[in-house]
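> Let's see this in three dimensions:
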Amino acid sequence: MQPIHNELGSAGRPGEPGYDAETERESLRMTLDQLGIDVADFAGWSGGGRALLEFALAYPDRVRTLTLVEPAATWILEQLGEHVAEVDQANALIHGFAGREVTEDDLAEFLQLAGLVQPGEDAREHSAWDQWLPHRMALSWQSEELDRSGRSVDELVNIRCPVLLVKGNVSADLDKRVVDVLAERLPNATVVELPGDHAAHIQSIDAFLGALESHVTTA
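Numbers count the residues shown, from 1 in each chain. Sure thing, here's the model as predicted:
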């Protein structure tokens, strides 16, 4: 399933006011309802992982297993008072994209922040640049209301299903720490570290699929 902001952003539409965490959560619920799916195994990467955390907190009985690849849930660190300067920097950049045209320079800066481009590397020279570029307007939907759903870190204990947490061994410290905090606070979590960065599940796809299959079939 593709989140609304990815679909419309990739089609070139700027972010709309009012698009928030509830919109993403309820669009997923309505999709499942329409398909007649009561319970499912869910996997999400980055913003998708953040959205699935919100869904699992709201509808825990509908989640059999959860797989989160470096979820963009920096609100967790924000509440814990960790990596304050880095979280503030990330929020200032990402929320600054909301509702406006996202340029190539904006995209390059975001890719550095997300750890998809390594320090000192020119984003435009990256092998995936031509794939990323057409989807840059999805960043225009990344508002503060989308990032902050009003959830509390203390609620994480209520996600009791088996959770597979995935991080890359050269990912940004911010992304790794979100995974580590989730591992500490989720009652039934397993962490897998793969060779790679924020896209380690793609860069080490065979290892990721093996871990995912084991996670889902043994739950």
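
> Excluding chain neighbours, give the residue nearest to the residue most central in space within the chain in space.
Nearest to the geometric centre of the chain sits Ser46, at 2.0 Å (C-alpha atoms, centre = their mean). Of all residues beyond its chain neighbours, the one nearest Ser46 is Ala72 (4.8 Å), with distances taken as C-beta to C-beta, 6 or more residues apart in numbering. Quick note: C-beta positions are derived from backbone N, CA and C, even for glycine.

> how much space between Asp41 and Pro187?
With distances taken as C-beta to C-beta, to the nearest Å, Asp41 is found 18 Å from Pro187.

> Gly9 now?
Per C-beta to C-beta, Gly9 is found 35 Å from Pro187.

> on that earlier part again, helix or strand for the residue nearest to Ser46, which one?
Ala72 belongs to no helix or strand when assigned by DSSP states H and E.

> likewise Phe208?
Secondary structure (DSSP H and E) places Phe208 in helix 205-218.

> can you check Gly44 too?
Short version, using DSSP H and E: Gly44 is in strand 40-45.

> can you give me how far that strand is from the chain middle?
Remark: strand 40-45 is offset 11 Å from the chain centroid, using C-alpha atoms, centre = their mean, to the nearest Å.

> what sits up against it?
Outside strand 40-45, the residues within contact range by C-beta atoms under 8 Å, 6 or more residues apart in numbering are 32, 50-52, 55-56, 62-71, 199, 201, 212, 216, 219.

> next helix or strand past it?
helix 47-58.

> residue contacts, the residue in the chain sticking out farthest from the centre?
Outermost residue of the chain with respect to the C-alpha centroid, by C-alpha atoms, centre = their mean, is Gly36; its distance is 25.5 Å. Contacts for Gly36 (C-beta under 8 Å, 6+ apart) come out as none.

> What's the separation between Phe208 and Leu156?
Distance of Phe208 to Leu156, computed by C-beta to C-beta: 23 Å.

> Quick one: mean pLDDT for the helix or strand harbouring Glu193?
Per DSSP H and E: Glu193 is located in strand 189-194. The average pLDDT within strand 189-194 is 98.

> What helices and strands are in contact with the helix or strand following that strand?
Using DSSP H and E, the helix or strand that follows strand 189-194 towards the C-terminus is helix 200-203. Where contact means 3 or more C-beta pairs under 8 Å, 6 or more residues apart in numbering; DSSP states H and E, helix 200-203 is packed against strand 163-168, strand 189-194, helix 205-218.
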